[in-house]
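# Turn this into a model:
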Amino acid sequence: MSKRIIEIASNNRHLAVERGFMTVAEDHKIIARIPLDDIAAIISCAHGLTYSNNLLVQLAFRKAIFVICGSNFSPVAFLWTVEGHHQQSARIETQINSSAPKSKQLWKQIVRAKISQQAAILAILGRNNASLVKMIGKVRSGDPDNIEAQAARRYWPLVFGDQFLRDQTAGGINAMLNYGYTIIRSAMARSIMAAGLHPSIGIHHSNIYNPLRLVDDLMEPFRPFVDLAVYQLVKEGHSTVTPDVKARLVSLLDIEVLAKTGTTSFRAAIQNMAVSLAHIFEGLHNTLECPRPYDSL
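Residues are numbered from 1 along each chain as shown. Next comes the predicted model:
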């Protein structure tokens, strides 16, 4: 059974623990029980939410992530376990000692995978993707020419129209994208820690105030899946983050994607990428296991 991502969006709820379950209470009355072992992450979007310390401890024991969201569904804080894998200390040491040239080569692989995915989505939508396809081969080690940003400037107008600007603080399409990316971010954070790596030691992202730099590195090739899902939602008439939109975006984790060995679930592809990075740091191979380009709606 796939573990669940639980969103708490209503105010005046209290989360606690009772006999192996997370309880959700309103006005001191329990309205829901979820087995703790079934939870992969909790996303808190409610301003009036309260929770017990024991709940946070039990979630940490199970390596579940607790995400606190601010405005427009952008995460402002993550709670994760201190210990995620039996080889954690050794793997983090290899991560810290990884060379700059290796990090640059990894970032090259990530950017190429992301642009390949963007180009594939443009093809699915019937848009001209020739410029992005050409850019893939231009990405050099470390992406010194910032081909990633050049691709983004061509990509967004082709997906959502010439008037669209990607803005994390805006509503509408941007808020839907924020929510979808938060889902991926929480799943990636959990997978990175389960692989024995530290989420704040990044490959490319270097903001000292970002505790999830590695998460933001590895999730890049997965972002276009959210873009396509949001495009479909907009086409169906959705214009804001509603319960139905949230459910559809959470369900992305269970869709099938193309991987190195064939098809696998989106969730498994995230896990495989994190594990492959740990193996690269250990010197077992050099190729990061990224999702293959999307080929259908």
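# what about Ser265, neighbour count?
16 (other C-beta atoms under 10 Å). Glycine gets a C-beta too; all of them are placed from N, C-alpha and C.
# I figured it hits Leu252, correct?
No - Ser265 is beyond contact range of Leu252, at 10.0 Å (criterion: C-beta atoms under 8 Å).
# in the chain, which helix or strand is least confident?
strand 75-79 (a mean of 78; mean pLDDT, DSSP states H and E).
# For whichever helix or strand comes after that one, which outside residues touch it?
Following strand 75-79 in sequence order, the next helix or strand is helix 88-96 (DSSP states H and E). If you take C-beta atoms under 8 Å, 6 or more residues apart in numbering as the criterion, helix 88-96 is touched by His85, Ala195, Gly196, Leu197, His198, Ile201, Ala278, Phe281, Glu282, Gly283.
# between those residues, which has the most around it?
Using other C-beta under 10 Å as the neighbour test, those are led by Leu197, with 25 neighbours.
# just checking, what packs against the helix or strand containing Ala32?
Assigned by DSSP H and E, Ala32 belongs to strand 29-35. Counting contacts by 3 or more C-beta pairs under 8 Å, 6 or more residues apart in numbering; DSSP states H and E, strand 29-35 packs against strand 21-26.
# Partner strands of the strand it packs on, with direction?
Strand 21-26 has the following strand partners under DSSP bridges: strand 13-18 (antiparallel), strand 29-35 (antiparallel).
# And that strand, what's buried?
For strand 21-26, burial by neighbour count (16 or more other C-beta atoms under 10 Å) applies to Phe21, Met22, Thr23, Val24, Ala25.
# what domains does the record give for this protein?
Using automatic domain parsing, the domain parsing of the chain gives 4-62, 88-281.
# so how far is stretch 43-53 off the chain centroid?
Distance, stretch centre to chain centre, for stretch 43-53: 21 Å (C-alpha atoms, centre = their mean, to the nearest Å).
# avg pLDDT for the longest helix along the chain?
The residue-count maximum for a helix in the chain (DSSP state H) belongs to helix 100-124. Average pLDDT, helix 100-124: 97.
# hey, C-alpha coordinates of the next helix-or-strand element following that helix in PDB?
Using DSSP H and E, the helix or strand that follows helix 100-124 in sequence is helix 130-136. The C-alpha coordinates for helix 130-136 follow below in PDB (Å, rounded to 0.1, in the frame of the first residue of the first chain):
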ATOM      1  CA  ALA A 130      12.400  22.700 -31.500                       C
ATOM      2  CA  SER A 131      14.100  25.500 -29.600                       C
ATOM      3  CA  LEU A 132      14.100  23.500 -26.300                       C
ATOM      4  CA  VAL A 133      15.300  20.300 -28.100                       C
ATOM      5  CA  LYS A 134      18.300  22.300 -29.400                       C
ATOM      6  CA  MET A 135      19.000  23.600 -25.900                       C
ATOM      7  CA  ILE A 136      19.400  20.100 -24.400                       C
END
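# And the helices in this structure?
Using DSSP H, helices in the chain cover 53-61, 88-96, 100-124, 130-136, 147-160, 173-194, 213-218, 223-235, 243-250, 266-281.
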